[in-house]
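Q: the amino acid sequence is not available; the structure is as follows:
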């Protein structure tokens, strides 16, 4: 009897394709095709959001700057451009408490999404795994296939020409 109980507690270690799956929590026990489709969509969206946040970090920083009214002082003349001056400006932005708190919260969200997606992939459910890959791929296509305009900010002579504000 003990051998049977042990076998029931073993985790799935090979990919399978079935709508019967427990995702992350005992309460997220999928027992119908409709719930499985919803779970796949939710997984796709989570993966898309994670990859979008990863690809557009500089744009998110520029939005934080705009919302909080923090002046990075990055309007540089191309003749007077100095990486040291840019570094000082960015450090002054990053040391403002509200901006640091907001960036920290976003980092926690991104980090949590990454680990939750990893745990979902460890269910070895082929459909959920495919949704993680497709969500990340779709977000990369939308946000990562072209350079982030804010990443090129230091190479522009005027702040407004980067499209960050």
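A: Nice, I can see it. Predicted model only: the values in this text are computed from it and were never measured.
Q: please enumerate the strands of this structure.
A: Using DSSP state E, the strands assigned to the chain run over residues 21-22, 29-30.
Q: JSON lines for those, including mean neighbour count, mean pLDDT and distance to residue 49?
A: The C-beta positions use only the backbone N, C-alpha and C, and glycine is treated the same way. Output for the strands of the chain, formatted as JSON lines (neighbours: other C-beta atoms under 10 Å; pLDDT from 0 to 100; distance: least, C-beta to C-beta, whole Å):
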{"stretch": "strand 21-22", "mean neighbour count": "17", "mean pLDDT": "94", "distance to residue 49": "21"}
{"stretch": "strand 29-30", "mean neighbour count": "16", "mean pLDDT": "96", "distance to residue 49": "21"}
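Q: of all those, which one is nearest residue 10?
A: strand 21-22 (13.6 Å; C-beta to C-beta).
Q: partners of the closest one, with directions?
A: Strand 21-22 has its sheet partners listed here by DSSP bridges as strand 29-30 (antiparallel).
Q: what are the contacting residues of the partner strand?
A: Contacts with strand 29-30, where a contact means C-beta atoms under 8 Å, 6 or more residues apart in numbering, come from 19-23, 36, 39.
Q: coming back round to it: nearest to residue 136 among the strands of the chain would be which one?
A: Using C-beta to C-beta as the criterion, the shortest distance between residue 136 and the strands of the chain is 19.9 Å, found for strand 21-22.
Q: in stretch 47-65, what counts as buried?
A: Of the residues in stretch 47-65, those buried under the neighbour-count criterion (16 or more other C-beta atoms under 10 Å) are 47-48, 50-62, 64-65.
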